[in-house]
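**Student:** turn this into a structure:
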Amino acid sequence: MRKAGYIVDLVKQQAVCEANYFRLCKLLPGNDEDLRRIAISHGRYQGILTLKVVERCKYTSVISLIHDAEWGEWAIAPLMSVRVYHDVQMAEVISAQQKRHFAAKYSYPNPQMFHPDEKAQLNRFLADWLAFCLEQGHSYEPVTLSS
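**Tutor:** Numbering: from 1, shown residues only. Okay, the predicted model is just below:
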């Protein structure tokens, strides 16, 4: 008996993208703010998340998310670009770890070794990451000492 392939759940994906939009709006409020740094900690220091608006258009924006931290040799820091659709209030991952253009569904196995639901997994990871930042993050402003 052959296993059923992955079926895209468009309603679920749209719900995740809508939630990501509102999480990003909380983390990067205001239309004129292009850069925000958030210190992340939970038990011990876990780095700084930088959200940077790299492109601004009438209906969309592109935001890069860079987590700057000591990850050691066993892991790499998350790096993503997210397209924000202001007219429909959605945000989706458009690149992750320098890979771009994710299909909604992949056959498996494939040359890139993507999961059948790679795009959905990336958007769920973004949701978890942003939720963690909202719960555990602190606004980061460098302290300058004046003499």
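
**Student:** give the contact list for residue 56.
**Tutor:** When contacts are counted by C-beta atoms under 8 Å, 6 or more residues apart in numbering, residue 56 touches residue 34. For the C-beta atoms, the positions are set from N, CA and C on the backbone; glycine is no exception.

**Student:** per-residue pLDDT, it?
**Tutor:** Model confidence at residue 56, given as pLDDT, is 91.

**Student:** mind checking how far it is from residue 47?
**Tutor:** If you measure residue 56 against residue 47 using C-beta to C-beta, to the nearest Å, the figure is 26 Å.

**Student:** for residue 94, helix, strand, or coil?
**Tutor:** The three-state label given to residue 94 by DSSP: H, G, I helix; E, B strand; the rest coil is strand.

**Student:** so which bits of stretch 22-39 are buried?
**Tutor:** Residues 23-24, 27-28, 36-39 are the ones in stretch 22-39 that count as buried (16 or more other C-beta atoms under 10 Å).
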